[in-house]
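my questions concern the predicted model and sequence given below.
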Amino acid sequence: MRKNYTLVRAQPVSMLYSGPMTNTTTPDTELMLSFGNQRAVVSPWGASLRRYFLIEAGGKEVDIVWGYSGGSQKKGGQGDVLIPFPGRIAGGRYTFDGENFQLERNDKEGPNAIHGFVRTLPWRVSRAEANCVLFDIHLEAEQYGSKGYPFSLTIQVTYGLDDKGLSCLFDVRNAGTRPAPVGVGFHPYFTVGTTLIDEAEARIPGAGFLEFNGKLVPTGTVLPAAGTEWDCRVFRRIGQKRFNHCYMQLDRDAEGMATASLRHAGSGRVIDVTMDRSFSAIVVYTGDAIADAPRRAFAIEPMTCASDAFNHSEWGLKRLSPGEHFSGRYTIHHRIEV
(Lines give C-alpha, C1' and ligand atoms only; values in the text may rest on other atoms or scores of the structure.)
Protein backbone atom coordinates (compact mmCIF):
# COMPACT_ATOMS: atom_id res chain seq x y z
CA MET A 1 0.00 0.00 0.00
CA ARG A 2 1.30 3.46 -0.85
CA LYS A 3 1.87 5.91 1.95
CA ASN A 4 0.37 9.36 2.10
CA TYR A 5 2.30 12.23 0.60
CA THR A 6 1.99 15.97 0.80
CA LEU A 7 0.59 18.32 -1.83
CA VAL A 8 0.58 22.08 -1.77
CA ARG A 9 -0.68 24.81 -4.08
CA ALA A 10 0.54 28.38 -3.68
CA GLN A 11 1.27 27.79 0.01
CA PRO A 12 4.43 28.74 1.90
CA VAL A 13 6.44 25.75 3.06
CA SER A 14 5.38 26.24 6.66
CA MET A 15 1.76 25.66 5.60
CA LEU A 16 2.20 22.36 3.75
CA TYR A 17 -0.75 20.04 4.23
CA SER A 18 -1.74 16.49 3.31
CA GLY A 19 -4.26 16.04 0.58
CA PRO A 20 -5.22 14.14 -2.56
CA MET A 21 -3.43 14.52 -5.89
CA THR A 22 -5.28 16.31 -8.69
CA ASN A 23 -4.69 16.47 -12.44
CA THR A 24 -3.87 20.17 -12.47
CA THR A 25 -0.22 21.14 -12.15
CA THR A 26 0.85 24.76 -11.85
CA PRO A 27 4.19 26.42 -10.99
CA ASP A 28 2.93 26.51 -7.38
CA THR A 29 2.26 22.76 -7.06
CA GLU A 30 4.61 21.22 -4.50
CA LEU A 31 5.13 17.92 -2.71
CA MET A 32 6.93 17.36 0.59
CA LEU A 33 8.97 14.21 1.17
CA SER A 34 9.86 13.09 4.68
CA PHE A 35 12.30 10.64 6.27
CA GLY A 36 13.38 10.96 9.89
CA ASN A 37 14.37 14.58 10.42
CA GLN A 38 14.85 15.23 6.71
CA ARG A 39 12.40 17.11 4.51
CA ALA A 40 12.49 17.79 0.76
CA VAL A 41 10.11 19.98 -1.22
CA VAL A 42 9.82 19.09 -4.89
CA SER A 43 7.45 20.07 -7.67
CA PRO A 44 6.00 18.34 -10.73
CA TRP A 45 6.44 21.73 -12.43
CA GLY A 46 9.79 21.10 -14.07
CA ALA A 47 10.45 18.13 -11.72
CA SER A 48 12.29 20.72 -9.64
CA LEU A 49 14.00 20.35 -6.27
CA ARG A 50 12.77 23.37 -4.34
CA ARG A 51 14.11 22.83 -0.85
CA TYR A 52 15.97 20.27 1.28
CA PHE A 53 16.33 20.82 4.99
CA LEU A 54 16.73 19.17 8.39
CA ILE A 55 14.53 19.59 11.44
CA GLU A 56 16.69 19.82 14.54
CA ALA A 57 15.80 19.69 18.22
CA GLY A 58 13.20 22.30 19.09
CA GLY A 59 11.87 22.35 15.54
CA LYS A 60 14.63 24.51 14.06
CA GLU A 61 14.88 24.12 10.27
CA VAL A 62 18.40 23.91 8.84
CA ASP A 63 18.60 24.44 5.08
CA ILE A 64 20.89 22.29 2.94
CA VAL A 65 19.50 23.24 -0.46
CA TRP A 66 18.89 26.98 -0.73
CA GLY A 67 15.29 26.92 -1.77
CA TYR A 68 11.99 28.59 -2.34
CA SER A 69 8.26 27.94 -2.38
CA GLY A 70 5.92 29.02 -5.17
CA GLY A 71 6.95 29.27 -8.79
CA SER A 72 7.29 33.05 -8.79
CA GLN A 73 9.91 32.91 -6.01
CA LYS A 74 12.53 30.98 -7.98
CA LYS A 75 15.88 32.71 -8.41
CA GLY A 76 18.75 31.86 -10.72
CA GLY A 77 17.38 28.52 -11.90
CA GLN A 78 17.07 27.08 -8.39
CA GLY A 79 16.54 23.33 -8.51
CA ASP A 80 15.93 23.11 -12.26
CA VAL A 81 16.25 19.90 -14.29
CA LEU A 82 18.24 20.55 -17.48
CA ILE A 83 17.28 18.16 -20.31
CA PRO A 84 18.04 17.48 -23.17
CA PHE A 85 21.00 19.85 -22.86
CA PRO A 86 22.54 21.46 -19.76
CA GLY A 87 24.42 24.73 -20.02
CA ARG A 88 24.74 26.90 -23.10
CA ILE A 89 24.82 25.95 -26.78
CA ALA A 90 26.69 28.60 -28.76
CA GLY A 91 24.29 30.57 -30.94
CA GLY A 92 21.71 27.83 -30.34
CA ARG A 93 23.24 25.99 -33.31
CA TYR A 94 24.54 22.44 -33.53
CA THR A 95 25.14 19.67 -36.06
CA PHE A 96 24.13 16.06 -35.45
CA ASP A 97 24.59 13.22 -37.93
CA GLY A 98 25.43 15.74 -40.64
CA GLU A 99 22.24 17.78 -40.17
CA ASN A 100 22.23 21.37 -38.90
CA PHE A 101 19.75 22.51 -36.24
CA GLN A 102 18.78 25.85 -34.73
CA LEU A 103 17.44 25.99 -31.17
CA GLU A 104 15.54 28.86 -29.61
CA ARG A 105 18.03 31.43 -28.27
CA ASN A 106 16.73 32.00 -24.75
CA ASP A 107 19.88 33.00 -22.85
CA LYS A 108 19.86 36.43 -21.18
CA GLU A 109 23.68 36.52 -21.30
CA GLY A 110 23.86 36.29 -25.09
CA PRO A 111 22.34 34.79 -28.27
CA ASN A 112 22.54 31.19 -27.09
CA ALA A 113 20.26 28.32 -26.13
CA ILE A 114 20.41 27.34 -22.47
CA HIS A 115 19.29 24.51 -20.18
CA GLY A 116 16.92 22.49 -22.37
CA PHE A 117 13.12 22.38 -22.42
CA VAL A 118 11.72 20.53 -19.41
CA ARG A 119 12.30 22.99 -16.55
CA THR A 120 9.15 24.98 -17.42
CA LEU A 121 6.87 22.06 -18.24
CA PRO A 122 4.35 20.16 -16.09
CA TRP A 123 5.50 16.60 -15.39
CA ARG A 124 3.32 13.67 -14.37
CA VAL A 125 3.52 12.27 -10.85
CA SER A 126 3.61 8.56 -11.63
CA ARG A 127 4.46 7.35 -8.11
CA ALA A 128 4.48 9.08 -4.74
CA GLU A 129 5.31 7.76 -1.28
CA ALA A 130 6.21 9.42 2.00
CA ASN A 131 9.93 9.58 1.19
CA CYS A 132 10.00 9.16 -2.60
CA VAL A 133 8.41 10.58 -5.75
CA LEU A 134 8.77 9.70 -9.42
CA PHE A 135 8.09 12.31 -12.10
CA ASP A 136 7.94 11.55 -15.82
CA ILE A 137 7.46 13.45 -19.08
CA HIS A 138 7.51 12.72 -22.80
CA LEU A 139 9.02 14.98 -25.47
CA GLU A 140 7.66 14.42 -28.98
CA ALA A 141 9.79 15.01 -32.06
CA GLU A 142 6.77 16.48 -33.86
CA GLN A 143 6.41 19.15 -31.18
CA TYR A 144 10.07 20.01 -30.67
CA GLY A 145 11.28 19.66 -34.25
CA SER A 146 10.30 23.25 -34.96
CA LYS A 147 12.36 24.25 -31.90
CA GLY A 148 15.48 22.57 -33.23
CA TYR A 149 15.19 19.20 -31.49
CA PRO A 150 13.34 16.64 -33.67
CA PHE A 151 13.84 13.74 -31.28
CA SER A 152 11.44 11.88 -28.99
CA LEU A 153 12.40 11.19 -25.38
CA THR A 154 10.71 9.62 -22.37
CA ILE A 155 12.23 11.02 -19.18
CA GLN A 156 11.95 10.02 -15.53
CA VAL A 157 13.33 11.81 -12.47
CA THR A 158 13.07 10.28 -8.99
CA TYR A 159 13.76 12.00 -5.67
CA GLY A 160 14.15 9.90 -2.55
CA LEU A 161 15.13 10.36 1.09
CA ASP A 162 16.82 7.67 3.19
CA ASP A 163 19.45 7.39 5.91
CA LYS A 164 22.15 8.40 3.40
CA GLY A 165 20.47 11.69 2.49
CA LEU A 166 18.66 12.86 -0.65
CA SER A 167 19.12 10.99 -3.91
CA CYS A 168 18.13 12.05 -7.41
CA LEU A 169 17.91 9.47 -10.18
CA PHE A 170 17.26 10.09 -13.87
CA ASP A 171 16.39 7.82 -16.76
CA VAL A 172 16.13 9.00 -20.37
CA ARG A 173 14.90 6.70 -23.14
CA ASN A 174 15.01 7.42 -26.84
CA ALA A 175 11.37 6.88 -27.76
CA GLY A 176 11.90 7.83 -31.40
CA THR A 177 13.09 6.14 -34.56
CA ARG A 178 16.43 7.94 -35.01
CA PRO A 179 19.49 8.44 -32.79
CA ALA A 180 19.22 11.41 -30.42
CA PRO A 181 21.79 13.68 -28.71
CA VAL A 182 21.16 13.85 -24.98
CA GLY A 183 22.64 15.65 -21.99
CA VAL A 184 21.28 15.82 -18.45
CA GLY A 185 21.95 18.34 -15.71
CA PHE A 186 20.63 19.56 -12.36
CA HIS A 187 20.83 23.04 -10.82
CA PRO A 188 20.66 22.94 -6.99
CA TYR A 189 22.14 25.67 -4.79
CA PHE A 190 23.60 24.82 -1.39
CA THR A 191 24.08 26.65 1.88
CA VAL A 192 26.04 25.84 5.03
CA GLY A 193 24.37 28.59 7.03
CA THR A 194 26.58 31.54 6.11
CA THR A 195 25.06 34.92 5.22
CA LEU A 196 27.23 35.04 2.10
CA ILE A 197 28.89 32.12 0.38
CA ASP A 198 32.24 33.97 0.69
CA GLU A 199 32.66 32.53 4.19
CA ALA A 200 32.43 28.92 3.00
CA GLU A 201 34.99 26.57 1.46
CA ALA A 202 34.56 24.50 -1.69
CA ARG A 203 36.12 21.27 -2.91
CA ILE A 204 35.58 20.51 -6.61
CA PRO A 205 37.10 17.29 -8.02
CA GLY A 206 37.96 18.71 -11.46
CA ALA A 207 41.48 18.68 -12.92
CA GLY A 208 40.40 20.93 -15.79
CA PHE A 209 37.78 23.53 -16.61
CA LEU A 210 36.41 25.07 -19.78
CA GLU A 211 37.61 28.41 -21.01
CA PHE A 212 34.59 30.69 -21.59
CA ASN A 213 34.28 33.76 -23.80
CA GLY A 214 32.57 36.97 -22.69
CA LYS A 215 29.14 35.42 -23.36
CA LEU A 216 29.88 32.44 -21.09
CA VAL A 217 30.20 30.08 -24.06
CA PRO A 218 33.13 27.64 -24.22
CA THR A 219 35.92 28.56 -26.63
CA GLY A 220 36.76 24.89 -27.17
CA THR A 221 39.76 24.90 -24.81
CA VAL A 222 39.98 22.88 -21.59
CA LEU A 223 42.32 24.65 -19.16
CA PRO A 224 44.32 22.82 -16.48
CA ALA A 225 43.25 23.72 -12.95
CA ALA A 226 46.62 22.89 -11.38
CA GLY A 227 48.55 25.98 -10.35
CA THR A 228 45.56 28.33 -10.68
CA GLU A 229 43.25 29.89 -8.12
CA TRP A 230 40.50 27.69 -9.57
CA ASP A 231 42.11 24.44 -8.47
CA CYS A 232 39.75 23.33 -5.71
CA ARG A 233 40.58 19.64 -5.50
CA VAL A 234 41.26 20.31 -1.83
CA PHE A 235 39.07 22.66 0.19
CA ARG A 236 39.68 26.33 -0.61
CA ARG A 237 37.90 29.35 0.82
CA ILE A 238 35.54 30.87 -1.71
CA GLY A 239 36.18 34.43 -0.54
CA GLN A 240 35.62 36.99 -3.28
CA LYS A 241 36.13 34.56 -6.17
CA ARG A 242 33.38 34.70 -8.78
CA PHE A 243 32.71 31.12 -9.83
CA ASN A 244 30.86 30.35 -13.03
CA HIS A 245 32.97 27.43 -14.14
CA CYS A 246 32.44 24.09 -15.84
CA TYR A 247 34.86 21.53 -14.42
CA MET A 248 35.84 18.36 -16.26
CA GLN A 249 38.37 15.52 -15.88
CA LEU A 250 36.78 14.56 -12.57
CA ASP A 251 38.69 12.73 -9.85
CA ARG A 252 36.83 9.58 -8.77
CA ASP A 253 37.07 7.08 -5.94
CA ALA A 254 37.52 3.33 -6.33
CA GLU A 255 33.80 2.93 -7.04
CA GLY A 256 33.85 5.55 -9.79
CA MET A 257 32.10 8.24 -7.76
CA ALA A 258 33.03 11.94 -7.92
CA THR A 259 32.23 14.17 -4.93
CA ALA A 260 32.03 17.97 -4.73
CA SER A 261 31.67 19.51 -1.27
CA LEU A 262 30.80 22.75 0.49
CA ARG A 263 32.07 23.37 4.03
CA HIS A 264 31.90 25.96 6.78
CA ALA A 265 34.90 25.50 9.02
CA GLY A 266 33.37 27.45 11.91
CA SER A 267 30.33 25.23 12.32
CA GLY A 268 31.81 22.03 10.89
CA ARG A 269 28.90 21.70 8.48
CA VAL A 270 29.72 19.86 5.25
CA ILE A 271 27.51 19.10 2.25
CA ASP A 272 28.73 16.37 -0.11
CA VAL A 273 27.29 16.05 -3.61
CA THR A 274 28.29 12.65 -4.98
CA MET A 275 27.84 11.71 -8.64
CA ASP A 276 28.11 8.38 -10.42
CA ARG A 277 29.95 7.75 -13.68
CA SER A 278 27.09 9.09 -15.81
CA PHE A 279 28.18 12.61 -14.78
CA SER A 280 31.29 13.90 -16.53
CA ALA A 281 31.15 17.61 -15.64
CA ILE A 282 30.27 19.91 -12.75
CA VAL A 283 29.28 23.55 -13.07
CA VAL A 284 29.80 25.69 -9.97
CA TYR A 285 28.35 29.16 -9.59
CA THR A 286 28.43 31.77 -6.82
CA GLY A 287 25.18 33.41 -7.95
CA ASP A 288 26.69 36.83 -8.63
CA ALA A 289 24.05 37.69 -11.24
CA ILE A 290 21.06 36.95 -8.98
CA ALA A 291 19.81 40.51 -8.65
CA ASP A 292 18.19 40.46 -5.21
CA ALA A 293 20.23 37.67 -3.61
CA PRO A 294 23.80 37.59 -4.97
CA ARG A 295 26.24 35.14 -3.40
CA ARG A 296 23.65 33.77 -0.99
CA ALA A 297 24.37 30.16 -1.95
CA PHE A 298 26.71 28.01 -4.03
CA ALA A 299 25.42 26.08 -7.04
CA ILE A 300 26.95 22.65 -7.58
CA GLU A 301 25.43 21.40 -10.83
CA PRO A 302 25.97 17.74 -11.76
CA MET A 303 26.02 17.41 -15.56
CA THR A 304 26.42 14.36 -17.77
CA CYS A 305 28.09 16.53 -20.39
CA ALA A 306 29.82 19.90 -20.42
CA SER A 307 28.33 23.15 -21.64
CA ASP A 308 28.09 23.26 -25.47
CA ALA A 309 28.66 19.50 -25.72
CA PHE A 310 26.20 19.44 -28.63
CA ASN A 311 29.08 21.06 -30.54
CA HIS A 312 31.81 19.08 -28.75
CA SER A 313 30.60 15.51 -28.47
CA GLU A 314 33.88 14.47 -26.82
CA TRP A 315 32.76 16.44 -23.73
CA GLY A 316 30.32 13.74 -22.63
CA LEU A 317 27.44 14.06 -25.09
CA LYS A 318 25.33 10.90 -25.04
CA ARG A 319 24.16 9.48 -28.36
CA LEU A 320 21.06 7.37 -27.70
CA SER A 321 19.95 4.82 -30.27
CA PRO A 322 16.20 4.19 -30.66
CA GLY A 323 14.95 2.37 -27.56
CA GLU A 324 18.19 2.91 -25.64
CA HIS A 325 18.15 4.12 -22.01
CA PHE A 326 20.58 6.43 -20.23
CA SER A 327 20.43 6.65 -16.44
CA GLY A 328 22.37 7.98 -13.48
CA ARG A 329 22.23 9.18 -9.89
CA TYR A 330 23.59 11.86 -7.62
CA THR A 331 23.17 12.16 -3.86
CA ILE A 332 23.28 14.97 -1.31
CA HIS A 333 24.63 14.17 2.15
CA HIS A 334 24.96 16.54 5.11
CA ARG A 335 27.46 15.86 7.88
CA ILE A 336 29.26 17.58 10.74
CA GLU A 337 33.05 17.50 10.90
CA VAL A 338 34.42 17.32 14.41
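Thanks, I have the structure now. Numbers count the residues shown, from 1 in each chain.

C-alpha from now on. contacts and neighbour counts both.
OK.

next structured bit after the strand or helix carrying G220?
Using DSSP states H and E, G220 sits in strand 218-224. Sequence order places strand 236-237 as the next helix or strand after strand 218-224, per DSSP H and E.

show me what the following helix or strand past that next one is packed against.
Downstream of strand 236-237, the next assigned helix or strand under DSSP H and E is strand 244-250. On a contact count with 3 or more C-alpha pairs under 8 Å, 6 or more residues apart in numbering; DSSP states H and E, strand 244-250 meets strand 206-212, strand 281-285.

out of those, flag the one nearest H245.
Closest approach to H245 among the helices and strands packed on strand 244-250 is made by strand 281-285 (5.5 Å; C-alpha to C-alpha).

hmm, who's touching that closest one?
By C-alpha atoms under 8 Å, 6 or more residues apart in numbering, the surrounding residues in contact with strand 281-285 are 206, 242-250, 298-306.

any low-confidence regions in this structure?
For the chain, the stretches with pLDDT under 70 are 1-23.

in it, where's the longest strand?
The longest strand of the chain (DSSP state E) is strand 325-336.

what lines up beside it in the sheet?
Using DSSP bridges, the strands paired with strand 325-336 in its sheet are strand 165-174 (antiparallel), strand 269-275 (antiparallel).

mind putting those in JSON lines, mean neighbour count included?
Shown next, in JSON lines, are those (neighbours: other C-alpha atoms under 10 Å):
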{"stretch": "strand 165-174", "mean neighbour count": "20"}
{"stretch": "strand 269-275", "mean neighbour count": "21"}
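
a markdown table for those strands, including distance to F235?
Compiled in a markdown table, these are given as follows (distance: least, C-alpha to C-alpha, whole Å):
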| stretch | distance to F235 |
| --- | --- |
| strand 165-174 | 22 |
| strand 269-275 | 11 |
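
among these, which comes closest to L134?
It is, among the strands paired with strand 325-336 and with distance given as C-alpha to C-alpha, strand 165-174, at 9.2 Å.

what's the next secondary structure element after that closest one?
Next along the chain from strand 165-174, counting by DSSP H and E, comes strand 180-182.

chain center to that next one: distance?
Distance, stretch centre to chain centre, for strand 180-182: 18 Å (C-alpha atoms, centre = their mean, to the nearest Å).

beyond it, next helix or strand please.
Downstream of strand 180-182, the first helix or strand assigned by DSSP H and E is strand 185-187.

who's in contact with the next helix or strand after that following strand?
Sequence order places strand 189-190 as the next helix or strand after strand 185-187, per DSSP H and E. Outside strand 189-190, the residues that touch it by C-alpha under 8 Å, 6+ apart are 64-67, 78-79, 262, 271, 297-300.

among those residues, which lie within strands?
64-65, 262, 271, 298-300.

in JSON lines, list these along with distance to S34.
Below are the ones in strands among the contacts of strand 189-190 laid out as JSON lines (distance: C-alpha to C-alpha, whole Å):
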{"residue": "I64", "distance to S34": "14"}
{"residue": "V65", "distance to S34": "15"}
{"residue": "L262", "distance to S34": "23"}
{"residue": "I271", "distance to S34": "19"}
{"residue": "F298", "distance to S34": "24"}
{"residue": "A299", "distance to S34": "23"}
{"residue": "I300", "distance to S34": "23"}
